[in-house]
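Student: Mind looking at a prediction? Sequence and model below.
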Amino acid sequence: MQPQIEDEKRSKHPYFMHDMILGQPRALHLTLETCKKEAIDLTGYWEGANKFLLTGCGTSYHAALASSYMLYALFQKTEAEAIQAFELKHYYHLLNPSTVVMGFSHTGFTKTTVDALSKAKDNGARTFSLIGVKDTPITKVSNKSIVVGNGKEKSRAHTVSYTCAVLAAMYLSAHYTRTLTASKAAESFLEQFNDVPQSVHSTIENYEKQVAELAEKFSKASQYFFVGSGPNVATAYEASLKMKETNYAAAEGMELEQFLHGPWVSLKPGSVVFLVATKGPSSQRNLDLLKVCNDLEIPTVAITDDKNLIAQVKDSIFMPDVSEEISPLSYIVPLQLFSYYTTLLKHVNPDMIHYDDPKFWAGRQVIFPPGTH
């Protein structure tokens, strides 16, 4: 039986993916309210931990990676690391009662992530999950769980669950640090989180039309590179994944310096490079990459708050000035929209991620047997 989305398969715009993208401001607001209610209890549960491991698969792993930079910014004596759930399950062994393992899974069924948390729990670690649906298998191996967002995503190309999970993990991390250390940095982040839903709303309202025009301009590109650094490495990975899932593009997300150490030489006519670039340590290297692209006549698009970069790039989305650690919450939104509008131009249903093709659906059953994803 071929899959359906919420018992309905839309055949034209707006697809469910578009609904989900535009629904992010409300979902983020609800997530904030949930986290404010749960934060005190969770802070007590985390107290005394000396290591945080954040884990997931696919989009959920990207959420774990983006969230980990908040912990890097706040922790001084506590370790933090994002690790893919398969790697955690099979190759990571430093787990003990002072370790918190934070699992990300929108559906709560992702077997690899469930197994990773089960292993962690068996080894005495404290397990916690951020999920979109309650009473799912991951809750059975999690000492504590928080449901974020505003319900199950209606599109298989997940968008709102990503931003909600990132916001929740960041907020809870900042609350924990502020409570234990009276950190001024954590207090500043907590104040900034209140602005996130409106910031995402403004980004959608101000830039959706421009992003649709960028999709028109670059929909026939043969190769897409999304390049980021710091917290926005995760943004680059997630943008690339959305392009692959929705319109099956040849897309790759890379860390900026890694891209400069070899992969840039694969640029050729038909390539387009997206720079996901906040002001900060990567500013000069982004300018270096831009110069190389200009010299090679490779088109570039900058998602940035850096006016120096804006002045030297033809196509850009000028983002609001926020702390770099929080920027993934808004920087991913134009790229979600770009993926969506590129998909429209290719006359593909973004909600189905190729599962409406019998051969791909059969492949899906091999990779994810029923009940495992």
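Tutor: Received the coordinates, thanks.

Student: C-alpha from now on. contacts and neighbour counts both.
Tutor: Noted.

Student: can you name the farthest residue from the center of the protein?
Tutor: Among the residues of the chain, the one whose C-alpha is farthest from the average of all C-alpha positions is residue 295, by CA atoms, centre = their mean at 31.5 Å.

Student: residues of the helix or strand hosting residue 329 that come out buried?
Tutor: Applying DSSP states H and E as the criterion places residue 329 in helix 328-345. By 16 or more other CA atoms under 10 Å, the buried positions in helix 328-345 come out as 328-344.

Student: Count the neighbours of residue 14 for me.
Tutor: Look at residue 14: counted by other CA atoms under 10 Å, it has 11 neighbours.

Student: And it, how close does it get to residue 341?
Tutor: The spacing between residue 14 and residue 341, counted by CA to CA, to the nearest Å, is 10 Å.

Student: Find residues that contact each of the two.
Tutor: Taking CA atoms under 8 Å, 6 or more residues apart in numbering as the criterion, residue 14 and residue 341 do not both touch any residue.

Student: circling back: so how far is residue 138 from the residue farthest from the centre of the chain?
Tutor: Looking at residue 295 against residue 138, where the rule is CA to CA, the gap reads 50 Å.

Student: same thing with residue 146?
Tutor: 11 Å.

Student: neighbour count winner among those two?
Tutor: Just comparing residue 146 and residue 138: by other CA under 10 Å the higher neighbour count belongs to residue 138, 29 against 19.

Student: Now that that one has come up, it's in contact with residue 104, right?
Tutor: No - using CA atoms under 8 Å, residue 138 is not in contact with residue 104, being 9.3 Å away.

Student: overlap in contacts of these two?
Tutor: Residues touching both residue 138 and residue 104 (CA under 8 Å, 6+ apart) are 113, 129.

Student: Quick one, grab the pLDDT at residue 7.
Tutor: Residue 7 is assigned a pLDDT of 57 by the prediction.

Student: can you check residue 371 too?
Tutor: 84.

Student: tell me the SS of it?
Tutor: The three-state assignment at residue 371 reads coil, by DSSP: H, G, I helix; E, B strand; the rest coil.

Student: please begin residue numbering at 20 from this point
Tutor: Sure, I'll start counting at 20 from here, so that last one is residue 390.
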